[in-house]
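Novice: sequence first, then the predicted structure, then my questions.
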Amino acid sequence: MTGIIDYNAGNIKSVARALDVLKVEYCISKSPNDLYQSERLIFPGVGDAQYAMGELRKSGFDVFLKEKARDGIPILGICLGSQIIFDYSEEGNTNCLGLIPGTIKHFTSIKNDFPLKVPHMGWNNLHYSSEKKSPLFEGIGDDSSFYFVHSYVIQPEDESVITAWADYGIKVPAAVAKKNILALQFHPEKSGDVGLHILENFVKLRKEDFLS
């Protein structure tokens, strides 16, 4: 079963509708206790990093996610969920989960004279890293288009975790992977058939797929 973490900061309904289309069994819960037996977890998110981290701490999902990450359970972060898996976000000067080393910076912190509109909103094409390909992108061609909405940018300490990027004034890390922790800056649940394909790839993953 796939668990969906509801911490009052996630795009829950859209994710659930996408899984309904795929006829996937899932459980949505605001309590970690309900999701302990999940084979994999989806960690969506929209909004403010500081607020989201406060909600995670109040619910106990911060400790739960760290435990499940150590246990090797596949975890998929989406949008804000792809950011607060890192150490720190400039948004609200927020200490985050620290599942992958790195920081989250505003577009204008990366480039002072950033020439494009922020937030980065709309469809953009992905380009795969030459280093490795995420299992999420099996069967999806390079240059496929996905839907983005974000003002802050993933800046991992180790760039080898980046599995795909998009061009928006700068190279925007669009997907990262470190063992069982997978994350997407874009919204697969709002990205049509290619987005559904990504979610379909994710729900096939098992803990055993990351053992080495």
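Specialist: Great, that's in hand. Numbers count the residues shown, from 1 in each chain.
Novice: so Pro122 versus Phe186, what's the distance?
Specialist: For the record, residue 122 is Gly, not Pro. 10 Å (Cβ to Cβ, to the nearest Å). To be clear about C-beta, it is placed using only N, CA and C from the backbone, and glycine gets the same treatment.
Novice: neighbour count winner among these two?
Specialist: Phe186 (27 against 11; other Cβ atoms under 10 Å).
Novice: quick check: closest non-adjacent residue to the more buried one.
Specialist: Closest residue in space to Phe186, ignoring its immediate chain neighbours: Phe146 at 4.1 Å, by Cβ to Cβ, 6 or more residues apart in numbering.
Novice: and Ile198, by the same measure?
Specialist: In space, Ile198 is closest to Pro188, 4.4 Å off (Cβ to Cβ, 6+ apart).
Novice: so which residues make contact with stretch 139-152?
Specialist: By Cβ atoms under 8 Å, 6 or more residues apart in numbering, the list of residues contacting stretch 139-152 from outside reads 46, 49, 79, 83, 89-91, 104-107, 118-128, 166, 168, 172, 174, 184-188, 190-191, 194-195, 197-198, 201.
Novice: for the residue nearest to Phe186, report the pLDDT, please.
Specialist: pLDDT recorded at Phe146 is 98.
Novice: could you do Phe43 as well?
Specialist: 95.
Novice: residue contacts, the nearest residue to it once chain neighbours are set aside?
Specialist: The shortest distance from Phe43 to any non-neighbouring residue, by Cβ to Cβ, 6+ apart, is to Gly81 (4.0 Å). Gly81 sits next to Gly10, Phe43, Pro44, Gly45, Ala183 when contact means Cβ under 8 Å, 6+ apart.
Novice: got a quick PyMOL command for the buried subset of the contacts of stretch 139-152?
Specialist: The following PyMOL line selects those of the contacts of stretch 139-152 that are buried, judged by 16 or more other Cβ atoms under 10 Å:
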select buried, resi 46+49+79+83+89+91+104+105+106+107+120+124+126+128+166+168+172+174+184+185+186+187+188+190+191+194+195+197+198+201
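Novice: buried sites along the helix or strand hosting Gln50?
Specialist: Assigned by DSSP states H and E, Gln50 belongs to helix 49-59. By 16+ other Cβ under 10 Å, the buried positions in helix 49-59 come out as Ala49, Gln50, Tyr51, Ala52, Met53, Gly54, Glu55, Leu56, Ser59.
Novice: quick check: Lys111 vs Val149, distance?
Specialist: With Cβ to Cβ as the criterion, Lys111 and Val149 are 19 Å apart.
Novice: which residues touch Arg17?
Specialist: Glu189.
Novice: counting neighbours, what do you get for the closest residue in space to Ser14 that isn't next to it in sequence?
Specialist: Nearest in space to Ser14, with sequence neighbours left out and distances taken as Cβ to Cβ, 6+ apart, is Glu189 at 4.4 Å. Applying other Cβ under 10 Å, we find 26 residues neighbouring Glu189.
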